[in-house]
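S.K.: Following is a predicted model, sequence given first.
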Amino acid sequence: MSDNQTVDDDLVAWLRAQLDADEAEANDWPDVLGDPPAVGGFWRDTHGHPIYEPRTRRLADVAAKRRIIDDCERYIVADDTAVTDGMVWRTLTALALPYAGRPGYRDEWRP
């Protein structure tokens, strides 16, 4: 296993943890947003950010990203070159970019 393979495994594990956090947070949202609370004017997530999307959409987004990661992992196992050059590496780093401000994100994952 190359050093690049290890980095990729770390990226996949980190991405899965971010998606687990997104899923847990979405499961705390109301099923239907309805009228926002009087204070603050928006439903808010656990970080205090306004919620603009329904829970079902967020959960579908998480599920779709997990499928993409699963497909990338299959290519990583089948072909070492897919780790650093090609669509697999670019896909994984693109999926990680929205989470760049979260703990554990590495600069070498920046596309």
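M.R.: Yep, it's here.

S.K.: Mind listing residues that contact the helix or strand of the chain with the lowest mean pLDDT?
M.R.: One helix or strand of the chain scores below all others by mean pLDDT, DSSP states H and E: helix 3-27, with a mean of 83. For helix 3-27, contacts defined as Cβ atoms under 8 Å, 6 or more residues apart in numbering pick out 45-46, 55, 58-59, 61-62, 65-66, 69, 72-73, 76, 80, 83-84, 88-89, 92-93, 95-96, 99, 102, 104-106, 108-109. To be clear about C-beta, it is placed using only N, CA and C from the backbone, and glycine gets the same treatment.

S.K.: and if we set it to 7 Å?
M.R.: For helix 3-27, contacts defined as Cβ atoms under 7 Å, 6 or more residues apart in numbering pick out 45-46, 55, 58-59, 62, 65-66, 69, 73, 76, 80, 83-84, 92, 95-96, 99, 102, 104, 108-109.

S.K.: and the next element down the chain from that helix?
M.R.: Heading C-terminal from helix 3-27, the first helix or strand you meet, by DSSP states H and E, is helix 55-78.

S.K.: okay, the angle between that following helix and helix 3-27?
M.R.: Taking axes from the mean of the first three to the mean of the last three Cα atoms, to 10 degrees, one finds helix 55-78 and helix 3-27 inclined to each other by 160 degrees.

S.K.: May I see the buried residues of helix 55-78?
M.R.: 55, 58, 62, 65, 69, 72-73, 75-76 (16 or more other Cβ atoms under 10 Å).

S.K.: Quick one: those residues as a markdown table, columns for pLDDT too.
M.R.: Shown next, in a markdown table, are those (pLDDT from 0 to 100):
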| residue | pLDDT |
| --- | --- |
| 55 | 77 |
| 58 | 83 |
| 62 | 95 |
| 65 | 97 |
| 69 | 94 |
| 72 | 87 |
| 73 | 84 |
| 75 | 78 |
| 76 | 72 |
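
S.K.: Sweet, I'm off.
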